[in-house]
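1. Here is the input, now give the coordinates:
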Amino acid sequence: MQLNIFKLAEAQIIKERRQVNEWLILKYALEIRKWLDKHSQSIALKIMQGDNIYFYNGRIKTYTKRI
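-> Numbering: from 1, shown residues only. Below is the predicted model of the structure:
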């Protein structure tokens, strides 16, 4: 499954109930890209499917959704 970071960024902005604009989409997309560079795509898919806990470098990490 290929992830489109611009669509993910737009979805996150909408989820946070913020005004969608191109600048904000680009800013969020860059943050998502940086996060994906550190983590694997499988972790990203698990989070998108609703998991709140994942393993990274032998450590347990948690993901909390922004409101």
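2. Validate this expectation: Ile32 resides in a helix.
-> Yes - the assignment for Ile32 (DSSP: H, G, I helix; E, B strand; the rest coil) places it in a helix.
3. Give me the helix or strand of the protein that scores worst on average pLDDT.
-> strand 53-56 (a mean of 63; mean pLDDT, DSSP states H and E).
4. tell me the phi and psi of Asn16?
-> That one is not Asn; residue 16 is Glu. phi -80, psi 0 (degrees, to the nearest 10).
5. Can you read off the pLDDT for it?
-> Glu16 is assigned 86 on the pLDDT scale.
6. now Ile60
-> 67.
7. start at 810 instead
-> Taking 810 as the first residue, the last one we looked at is Ile869.
8. any low-confidence regions in the protein?
-> Within the chain, the stretches with pLDDT under 70 are 810-812, 849, 852, 854-876.
9. Can you give me the distance of Glu831 to Ser851?
-> For Glu831, the distance to Ser851 equals 30 Å [CB to CB, to the nearest Å]. Every residue, glycine included, has its C-beta placed from N, CA and C.
10. show me where the protein has strands.
-> 862-865, 868-871 (DSSP state E).
11. Grab the nearest non-local neighbour of Ala818.
-> Nearest residue to Ala818 in three dimensions, chain neighbours excluded: Tyr837, at 3.5 Å (CB to CB, 6 or more residues apart in numbering).
12. In contact with the one you found, which residues are there?
-> By CB atoms under 8 Å, 6 or more residues apart in numbering, the residues touching Tyr837 are Leu817, Ala818, Glu819, Gln821, Ile822.
13. Let's see that with 10 Å instead.
-> Tyr837 is in contact with Ile814, Phe815, Leu817, Ala818, Glu819, Ala820, Gln821, Ile822, Glu825, Arg827, Val829, counting by CB atoms under 10 Å, 6 or more residues apart in numbering.
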